[in-house]
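> Provided below are the primary sequence and the corresponding predicted coordinates.
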Amino acid sequence: VQLQASGGGLVQAGGSLRLSCAASGRTFSSYAMGWFRQAPGKEREFVATINWSGTSTYYADSVKGRFTISRDNAKDTVYLQMNSLKPEDTAVYYCAAAASVGTMARADYWGQGTLVTVSS
């Protein structure tokens, strides 16, 4: 699976962005999808994941209630709607594909990342 993330940019604190990750190469709907992020000088961390059908989602505590992950299997795309952004959300965001939400930490495929910068 090839993954292409997009939608990053510069936004003021309190604003919103929607990230997209387009997949190609294999059957998108058979994979759980996830988003991770890596801030400058920090390790990559889990943000959110969604199962193959879109019926189950899980979030990091730091984004719960502000971010929403969703997917459109007809378009082979997963989204991350980010609201009420904070400066600490500044990071490079990566999408990933895995066999299940339970194995997302060891994802099989990774996108190239898109930079989100939140100004205070």
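Noted; the coordinates are in hand.
> what sits against the most centrally placed residue in the chain?
What sits nearest the mean C-alpha location of the chain, by CA atoms, centre = their mean, is W35, with 2.6 Å. Residues counted as contacts of W35 (CB atoms under 8 Å, 6 or more residues apart in numbering) are 19, 21, 47-49, 69, 78, 80, 93-96. For every residue, glycine as well, the C-beta is placed using N, CA and C.
> Leaving out the residues flanking it, which one is nearest to it?
Leaving out its chain neighbours, the residue that sits closest to W35 by CB to CB, 6 or more residues apart in numbering is V47, at 4.3 Å.
> Return the set of buried residues in the helix or strand encompassing the residue nearest to the centre of the chain.
Per DSSP states H and E, W35 falls inside strand 32-38. Neighbour counts using 16 or more other CB atoms under 10 Å place 32-37 of strand 32-38 among the buried residues.
> export these to JSON lines and tack on distance to S100 and pLDDT?
Conversion of the buried residues of strand 32-38 to JSON lines gives the following (distance: CB to CB, whole Å; pLDDT from 0 to 100):
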{"residue": "A32", "distance to S100": "5", "pLDDT": "97"}
{"residue": "M33", "distance to S100": "11", "pLDDT": "97"}
{"residue": "G34", "distance to S100": "11", "pLDDT": "98"}
{"residue": "W35", "distance to S100": "16", "pLDDT": "98"}
{"residue": "F36", "distance to S100": "16", "pLDDT": "98"}
{"residue": "R37", "distance to S100": "21", "pLDDT": "98"}
